[in-house]
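Chemist: need the 3D shape of this:
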Amino acid sequence: MRFVMLARNPVLYSHRRLVDAAVHAGHQLDVINTLHVHMNITSNRPTLRYGGQDLPRYDAVIPRIGASITHYGLAVLRQFEMQGIYPLNESVAIGRSRDKLRALQILARAGVGMPVTAFAHGPRKAEDVIREVGGAPVVIKLLEGTQGMGVVLAETDASAKSVIEAFSAANVNILVQEFIRESEASDVRAFVVGGQVVAAMKRTGRSGEFRSNLHRGGRAEAVTITADEADTAIRAATAIGLNACGVDMLRTSRGPMVMEVNSSPGLEGVEHSTGVDVAGAIISFLERNARDGDTVTRGTG
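Modeler: From the prediction side, this is the model:
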């Protein structure tokens, strides 16, 4: 089979591993720079061009679209979908996952556990929003933030109000969430592929850091998740409509709480900490589904 990956940096660990896994399984995986693809969107025969030539007919496309190019990347992915090429993750599902507010609304509708979260426009509602999530300390997040950037912990109501007012003055949208102190600066990321959890790791932030992201100096270790955590991760992935994703959860006395569903999770931390061949699981999923064209359950909204 012949696959194509949309990725701007082919030397990243995750991208190299997917190529290696595809080759090991006897397939070809071409890596193309998402921003270098152009398309004729008015043709009744959808086409994509790269390097001055029409792209060949692929069996499946693996979108590894960076957050900074989401809009253009999804347009390219939709063009592949119009050609009938099977996507690892559909454009509409990736769009849901990248819009944090929309993703949380979908998860809430599906009954997935989450921290108490509030959203409002403008600084005049700051006190109401803080009170809505139970008061300080609160976590304030930019809707467009990634890898722990644009996330602030406000320890007091006064500091929370100041941060909200500052963000509002910059005309950016934010979410305010209750701070789950019992999680102790750690979370669990479960990797879901084809409706099953194939690996899980615990991420713990460095000393003095409440964010557990590996990009911010956190450490990863293998973890055995509970049946409730596995069920929560699978339901979250299904609600958003993602076939392959990382589901970030906090362990709380109220059960697992989902923080985010990542449509392009890094593979280095989980593969090194668990020894699980996550890249191989993704390629196996594509083998099964791109070949027979099966339709995977999609979320709505």
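Chemist: low-confidence ranges in this protein?
Modeler: 122-124, 144-149, 184, 206-218, 292-301 (pLDDT under 70).
Chemist: and the residue most central in space within it, bridged to which residues?
Modeler: Note on the chain: the residue nearest the mean C-alpha position is residue 262, at 1.2 Å, using C-alpha atoms, centre = their mean. Under DSSP bridges, the beta-bridge partners of residue 262 are residue 246.
Chemist: distance check, it against residue 165.
Modeler: 30 Å (C-beta to C-beta, to the nearest Å). (Glycine included, C-beta is placed from N, CA and C.)
Chemist: what do you get for residue 78?
Modeler: From residue 78 to residue 165 the distance is 38 Å (C-beta to C-beta).
Chemist: all helices for the protein, in order.
Modeler: 13-24, 70-82, 91-98, 100-109, 126-132, 157-169, 227-240, 268-274, 278-292 (DSSP state H).
Chemist: okay if I get the ones you listed as CSV plus distance to residue 7?
Modeler: Converted to CSV, these look like this (distance: least, C-beta to C-beta, whole Å):
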stretch, distance to residue 7
helix 13-24, 5
helix 70-82, 10
helix 91-98, 14
helix 100-109, 22
helix 126-132, 38
helix 157-169, 31
helix 227-240, 21
helix 268-274, 14
helix 278-292, 13
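Chemist: and the closest residue to residue 23 other than its chain neighbours, what are its bridge partners?
Modeler: Sequence neighbours aside, residue 29 is the residue nearest to residue 23 in space, at 7.0 Å (criterion: C-beta to C-beta, 6 or more residues apart in numbering). Legend: beta-bridge partners of residue 29 under DSSP bridges are residue 3.
Chemist: test my guess that residue 29 contacts residue 6.
Modeler: No. Using C-beta atoms under 8 Å, residue 29 makes no contact with residue 6, being 11.5 Å away.
Chemist: so what sits against both of the two?
Modeler: residue 62 (C-beta atoms under 8 Å, 6 or more residues apart in numbering).
Chemist: who's in contact with residue 282?
Modeler: So residue 282 contacts 18, 21, 62, 88, 193, 244 (C-beta under 8 Å, 6+ apart).
Chemist: who wins on neighbours among these?
Modeler: residue 88 (28 neighbours; other C-beta atoms under 10 Å).
Chemist: ok, that one touching residue 244?
Modeler: Yes. If you go by C-beta under 8 Å, residue 88 and residue 244 touch, sitting 5.5 Å apart.
Chemist: pull up the overlap in contacts between those two.
Modeler: 282, 285.
Chemist: how far away is residue 285 from residue 279?
Modeler: 11 Å.
Chemist: how many neighbours does the residue nearest to residue 23 have?
Modeler: 22.
Chemist: relative to residue 22, how far out is it?
Modeler: Distance from residue 29 to residue 22, by C-beta to C-beta: 4 Å.
Chemist: got any residues that touch both of the two?
Modeler: Common neighbours of residue 29 and residue 22 (C-beta under 8 Å, 6+ apart) are residue 3.
Chemist: so residue 77 sits right up against residue 5, yeah?
Modeler: No. Residue 77 lies out of contact with residue 5 (C-beta under 8 Å); the separation is 11.4 Å.
Chemist: more neighbours: which of those two?
Modeler: With neighbours defined as other C-beta under 10 Å, residue 77 and residue 5 compare such that residue 77 has more, 25 against 22.
Chemist: what's the neighbour count on residue 265?
Modeler: By other C-beta under 10 Å, neighbour count at residue 265 equals 21.
Chemist: still on that earlier bit, pick out whichever of residue 78 and residue 165 has more residues nearby.
Modeler: residue 78 (18 against 14).
Chemist: ok, the residue nearest to that one when sequence neighbours are not counted to residue 85 distance?
Modeler: Of all residues not flanking residue 78 in the chain, residue 91 sits nearest, at 4.8 Å (C-beta to C-beta, 6+ apart). The gap separating residue 91 from residue 85 is 12 Å, by C-beta to C-beta.
Chemist: domains of the protein?
Modeler: The chain breaks down into these domains under automatic domain parsing: 2-89, 117-179, 182-286.
Chemist: which of those domains sits most buried?
Modeler: Mean neighbour count (mean count of other C-beta atoms under 10 Å) peaks for domain 182-286 among those, with a mean of 20.
Chemist: how far out from the middle of the chain is that domain?
Modeler: Here domain 182-286 shows a centroid-to-chain-centroid distance of 10 Å under the convention C-alpha atoms, centre = their mean, to the nearest Å.
Chemist: test my guess that residue 161 contacts residue 129.
Modeler: No. Judged on C-beta under 8 Å, residue 161 makes no contact with residue 129 at a distance of 9.2 Å.
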